[in-house]
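> I need the structure of the sequence given here:
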Amino acid sequence: MSATASAVDTRIYRHPSGLAHGNLTLATSTPDRVDERTFFAGFVRTPRVVAGGLLALADIAGADFRPVRTGTAGRDPVATADGERLRFEALSTCGGLYGRLDLTSAELDGVPVGRGTTNVDINPELYESLTRVGGADPLRLSVGEDELAVSTLDGKVVEKRVPLPTRWLRGLAEVAAHALPMDPRLEIHAGRAVALLAETSARTGRQARWLVPAGSGWRSTTRPSSGAVCVADGFRLSVLRPLLALARTVTLYAPPVSGAPAEVSGWVLDFGTARFTLLLSTAASHGFAGDGQLLADLGSGSAVADADALDALLAVDPVIDRASVAARTGWDAGRATSALAALATAGQVGYDVAEASSFHRPLPYRADLVAALHPRLAAATMLTTTGGVVATAAGVEVTSGESTYLVHRRDGEYACTCAWWVEHQGRRGPCKHVVAAMLLGQTGQQRG
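Numbers count the residues shown, from 1 in each chain. The predicted model follows:
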């Protein structure tokens, strides 16, 4: 055995080998795999990519791009194993950046991947060790319910499980809602992406830029057009710069242009056997958790109950799209979307723009806690239970405090007469009055 292998390889035997009654019994071993609480143990095939991706996630988790910084930064990615791959996710301290490192089965060289989720902190010792990983250096991961162990030529560093920040829960849920309508808009070679990041990162002003595909490249404008990708406060993209030299291509994703002054964007770096996804919010001061994109789906009365059935389905098939949900359950598309929304709110579901599918992320939160985690939904529920929501011929009148607002349909979409709706026009999800009207289920109908 080489010196390199002995430094990072550990063999666990559940019982000693022995000779009994003329029969030789040999115990077999599994590298680092002690029990079912270990999701994966083995080497990775592209150590620099994995080390760089974990460093980028640590940088994202510790980043705060708000003009006035509040709170304490951390470096605590969520690790999920789904039986085939490993995913590591992180939200920035300011809540406006989301990063995810996906390691496919082709990247992982070890025992079969198990299933589970944990949350660990990348402390300075591990961070420093990852910075020294070279292209030919071995890198071994052991990911389990209680810890993340990383072995390099410098030795082994073990990070214990830490509590998941509650602020991440709503952020992860809203990220999934924002990612759902995204489509690929522009794919460029990673070498050219260096120039793109230099261009977008240099614009430190608060004005959003729009990238429009032009031939094999792009052009930058200050106004949106069909197929454009918004780059809001692009200096935040600097977290991707260390990874570009390792990537093959960079694909930009965006939702349909809606006329909003800024939109979210997705940036996917492809490394062959691994991917790194970054989602950028609409402003450095605007975190994903402040949105309410899921609230319209959560207004469905059966969403939370359906979420339990869907959770069982995802436990068997951890990657699933909405069409497949509808086909397997017999639900229509709206009901399937509402159930996925309830699971997303509880942190149980994420969305992969590169594969256009949802994935299971079993965090220790229940879908029936959605009201407590979404203040607008909780407030809307209270309004409906206190009799402050009344259907009329013009729409739904919602009384909140000393004021009464009218929820109505405008061009097929909900609208409200409250000041919050006038300011945001639904771009940050429905207001509590619209959610209350949805819960009532009688919008636009005369009460009999």
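> ranges for the strands of the stretch 51-200 of the chain?
Listed in chain order, the strands of the stretch 51-200 of the chain (DSSP state E, counting those that start in this stretch) span residues 78-82, 86-91, 97-103, 108-110, 115-119, 140-144, 147-152, 155-160, 183-189.
> low-confidence ranges, the stretch 51-200 of the chain, go.
Residue ranges of the stretch 51-200 of the chain with pLDDT under 70: 69-75, 165-167.
> separation between residue 85 and residue 102?
6 Å (C-beta to C-beta, to the nearest Å). All C-beta atoms are positioned from the backbone trio N, CA, C, and that covers glycine.
> closest one to residue 131 among the strands of the stretch 51-200 of the chain?
Closest approach to residue 131 among those is made by strand 147-152 (10.2 Å; C-beta to C-beta).
> would you map the helices across this protein?
Along the chain, counting by DSSP state H, helices occupy 3-8, 47-61, 124-131, 166-179, 190-202, 241-244, 295-298, 303-316, 322-329, 333-345, 370-373, 375-385, 419-424, 432-440.
> and these, which is most packed in?
Highest mean neighbour count among the helices of the chain (mean count of other C-beta atoms under 10 Å): helix 432-440, with a mean of 26.
> residue 176 contacts residue 352, correct?
No: the criterion here is C-beta atoms under 8 Å, and residue 176 misses it with residue 352 at 9.6 Å.
> what sits in contact with each of those two?
Counting by C-beta atoms under 8 Å, 6 or more residues apart in numbering, the common neighbours of residue 176 and residue 352 are residue 358.
> how about the closest residue to residue 248 other than its chain neighbours, what does it touch?
Excluding the flanking residues, the one nearest residue 248 by C-beta to C-beta, 6 or more residues apart in numbering is residue 270, at 5.1 Å. Shown in contact with residue 270 (C-beta under 8 Å, 6+ apart): 247-251, 354.
> domains for this protein, by residue range?
1-286, 295-368, 374-440 (automatic domain parsing).
> now the terminal residues of the shortest one, how far apart.
It stands for domain 374-440. Start and end residues of domain 374-440 are separated by 18 Å (C-alpha to C-alpha, to the nearest Å).
> and stretch 207-222, by the same measure?
Start-to-end, stretch 207-222 (C-alpha to C-alpha) is 8 Å.
> what of stretch 231-250?
For stretch 231-250, the end-to-end distance is 15 Å (C-alpha to C-alpha).
> by neighbours, which of the contacts of residue 270 wins?
residue 250 (25 neighbours; other C-beta atoms under 10 Å).
> please give me every residue in contact with that one.
Contacts for residue 250 (C-beta under 8 Å, 6+ apart) come out as 187-190, 193, 196, 244, 267-270.
> identify the farthest-apart pair in those residues.
The farthest-apart pair in the contacts of residue 250, when distances are taken by C-beta to C-beta, is 196 and 270, at 15.3 Å.
> name the residues of stretch 227-234 that are buried.
Counting neighbours by 16 or more other C-beta atoms under 10 Å, one finds that the buried residues in stretch 227-234 are 228-234.
> which two of these have the greatest separation?
Pairwise over those, using C-beta to C-beta, the maximum falls at 228 and 233, 16.5 Å.
> redo the contacts of residue 270 as TSV? Include distance to residue 221 and pLDDT.
Output for these, formatted as TSV (distance: C-beta to C-beta, whole Å; pLDDT from 0 to 100):
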residue	distance to residue 221	pLDDT
247	26	96
248	28	96
249	23	96
250	20	96
251	20	96
354	26	95
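> possible to save those as JSON lines with distance to residue 156?
Listed next are those as JSON lines, based on distance: C-beta to C-beta, whole Å:
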{"residue": "247", "distance to residue 156": "28"}
{"residue": "248", "distance to residue 156": "31"}
{"residue": "249", "distance to residue 156": "34"}
{"residue": "250", "distance to residue 156": "33"}
{"residue": "251", "distance to residue 156": "35"}
{"residue": "354", "distance to residue 156": "32"}
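> now, those residues that are in strands?
Per DSSP state E, strands hold the following members of the contacts of residue 270: 249-251.
> ok, those vs residue 222, which is closest?
residue 250 (22.5 Å).
> quick check: chain neighbours aside, which residue is closest to the closest one?
residue 193 (4.1 Å).
> could you do residue 349 as well?
That would be residue 343: by C-beta to C-beta, 6+ apart, it lies 4.3 Å from residue 349.
> what residues are up against that neighbour?
Applying C-beta under 8 Å, 6+ apart, the residues near residue 343 are 307, 310-311, 314, 349, 367.
> could you do residue 249 as well?
Listed by C-beta under 8 Å, 6+ apart, the contact set of residue 249 reads 187-190, 269-270.
> what pairs with it across the strands?
Following DSSP bridges, residue 249 is listed with bridge partners residue 189, residue 270.
> can you tell me how far it is from residue 268?
Residue 249 is 9 Å from residue 268, by C-beta to C-beta.
> swap in residue 175?
14 Å.
> repeat that for residue 399.
From residue 399 to residue 268 the distance is 46 Å (C-beta to C-beta).
> have a look at those two and say which one is more surrounded.
The neighbour comparison of residue 399 against residue 268 (other C-beta under 10 Å) goes to residue 268, with 23 against 16.
> per-residue confidence at the more buried one?
Per-residue pLDDT puts residue 268 at 98.
> residues contacting it?
Neighbours of residue 268 in contact, by C-beta under 8 Å, 6+ apart: 250-253, 275-278, 353-354.
> ok, 10 Å please
100, 102, 182, 184, 187, 247, 249-253, 275-279, 352-354 (C-beta atoms under 10 Å, 6 or more residues apart in numbering).
> of those, buried ones?
Here, 16+ other C-beta under 10 Å leaves 100, 102, 182, 247, 249-253, 275-279, 352-354 buried among the contacts of residue 268.
> residue 260: which of the helices of the chain is closest?
Closest among the helices of the chain, once you apply C-beta to C-beta, is helix 419-424, at 9.4 Å.
> so what secondary structure elements neighbour the closest one?
strand 403-410, strand 413-416, helix 432-440 (3 or more C-beta pairs under 10 Å, 6 or more residues apart in numbering; DSSP states H and E).
> pull out the buried positions in stretch 151-164.
Applying 16+ other C-beta under 10 Å to stretch 151-164 flags 151-152, 157, 159, 161, 164 as buried.
> quick one: end-to-end length of that stretch, please.
Terminal residues of stretch 151-164 lie 24 Å apart, using C-alpha to C-alpha.
> quick check: residue 180 vs residue 131, distance?
Distance of residue 180 to residue 131, computed by C-beta to C-beta: 35 Å.
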